[in-house]
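Visitor: Pasting the sequence and the predicted coordinates here, then a few questions.
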Amino acid sequence: MFKKALPYVLAVIVFIVALVLLRPAPSKTVVVAAQDLNAGHTLVESDLSLQAMPSNAIAADALTSISQAVGQTLKIDRGQGDIIRSSNLGQLITLQPDERAVAVKVTDATGLVGLLLPGQKVGVVASIPVQGTAEQGTYSKAVIEGLKVMYIDPRFAATDATSSSTNNTSTTSSLVSTGSSGLSTSTDRSQNGFVVLAVPTKQETVVYDFSATGGSTQTRTVSVLELLAALDSTDSATVTLYLMPGENATQFTSPGLWLPSLAITPAPTPTATPLP
């Protein structure tokens, strides 16, 4: 009896599996561009439409209502049919005559885990491996401050789920008090990307302050444009961004850090001289 029923049981199982596999993925309605749109364009209702897409292909910050986008300004170009994300919106920051825009490649570790927002100001720490000397290691130095964040790779940026404010102080205090700045780092966010900084064209003075150890202060004059380009093209060199307060940032200088100097080992114990 069981042998006769087995083909029917198998057929039912195959049918159920086929239904599960062929069932369409859950969908979600999101806002998309109804036509090609340029960065800097202020969105109106006719620029946008709603479209259903598979939920697993939609970023966490995708807009779901046209009213969320109307009146907002695009920070990047959007082609017809492209999803409109909250990270795509915001005022463009223009360059001053004495500034140039430079893209810096960062990771979660060197780019503040994607929590940067356009309009914030950052400093740069350069870490450079030193090879071919009697002692090899890494040298790190805070080289420049006050660089304005102009643009963040949307794949790397977090979603500002609560506010479009770029106030550094409120972001920092929120991080301390709640463990989250209200920025949602969705699972589809890339762990590396590019941040575009406004960099001054004038020569900048890098200060090596050895006064704490009784030494004299030394300086080097550099072009930050050339410095960032050189670091980008140097194998193993790293650019680390750090966030600055929104206002009244306290200036500081440092000698830089030679990493091997932190490794202090105890001196050998003198060997006792045996007596006759």
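Guide: Thanks, I have the structure now. Numbers count the residues shown, from 1 in each chain.
Visitor: Give me the helix or strand of the chain that scores worst on average pLDDT.
Guide: Scoring the helices and strands of the chain by mean pLDDT, DSSP states H and E places helix 168-178 at the bottom, with a mean of 34.
Visitor: Output the below-cut-off pLDDT ranges for this protein.
Guide: Within the chain, the segments meeting pLDDT under 70 span 1-6, 8-9, 12, 15, 17-25, 92-93, 132-133, 158-189, 269-272, 276.
Visitor: where along it do the strands fall?
Guide: 27-33, 48-54, 99-107, 121-130, 137-152, 159-160, 183-184, 192-200, 204-208, 218-222, 238-243, 257-258 (DSSP state E).
Visitor: out of those strands, nearest to K75?
Guide: strand 137-152 (6.6 Å; Cβ to Cβ). Heads up, the C-betas are built off the backbone N, CA and C, glycines and all.
Visitor: and the closest one with strand 192-200, angle?
Guide: Comparing the axes of strand 137-152 and strand 192-200 via axes from the mean of the first three to the mean of the last three Cα atoms, to 10 degrees yields an angle of 90 degrees.
Visitor: Which strands border strand 137-152, and is each parallel or antiparallel?
Guide: The strands beside strand 137-152 in its sheet (DSSP bridges) come out as strand 121-130 (antiparallel), strand 192-200 (antiparallel), strand 257-258 (antiparallel).
Visitor: Make a markdown table from those strands and add mean neighbour count and distance to G137 to it.
Guide: What follows is the strands paired with strand 137-152, written out as a markdown table (neighbours: other Cβ atoms under 10 Å; distance: least, Cβ to Cβ, whole Å):
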| stretch | mean neighbour count | distance to G137 |
| --- | --- | --- |
| strand 121-130 | 18 | 6 |
| strand 192-200 | 20 | 25 |
| strand 257-258 | 14 | 6 |
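Visitor: what's the closest of those to H41?
Guide: strand 192-200 (18.9 Å).
Visitor: Chain neighbours aside, what residue packs nearest to N38?
Guide: D77 (5.6 Å; Cβ to Cβ, 6 or more residues apart in numbering).
Visitor: what sits against the one you found?
Guide: D36, L37, N38, A39 (Cβ atoms under 8 Å, 6 or more residues apart in numbering).
Visitor: again, only using 7 Å
Guide: L37, N38, A39 (Cβ atoms under 7 Å, 6 or more residues apart in numbering).
Visitor: among those, who's most crowded?
Guide: L37 (21 neighbours; other Cβ atoms under 10 Å).
Visitor: Run through the bridge partners of that one.
Guide: R78.
Visitor: and it, how far is that from G193?
Guide: 22 Å (Cβ to Cβ, to the nearest Å).
Visitor: repeat for F252
Guide: Distance from F252 to G193, by Cβ to Cβ: 28 Å.
Visitor: again, but for Y139
Guide: Applying Cβ to Cβ to Y139 and G193 gives a distance of 26 Å.
Visitor: Equivalent analysis for L262, please.
Guide: 31 Å.
Visitor: Repeat that for E247.
Guide: 27 Å.
Visitor: got it, and Q251?
Guide: Applying Cβ to Cβ to Q251 and G193 gives a distance of 30 Å.
Visitor: and if you look at Q91?
Guide: For Q91, the distance to G193 - Cβ to Cβ - is 21 Å.
Visitor: ditto for V104
Guide: Applying Cβ to Cβ, the value for V104 to G193 is 10 Å.
Visitor: Over to V206?
Guide: 27 Å.
Visitor: same check, this time on T138
Guide: Counting by Cβ to Cβ, the gap from T138 to G193 is 24 Å.
Visitor: quick revisit: mind checking which of the strands of the chain is nearest A229?
Guide: strand 99-107 (7.6 Å).
Visitor: Which positions within that closest one qualify as buried?
Guide: E99, V102, V104, K105, V106 (16 or more other Cβ atoms under 10 Å).
Visitor: Then stretch 225-232?
Guide: By neighbour count on 16+ other Cβ under 10 Å, the buried set for stretch 225-232 is L227, L228, L231.
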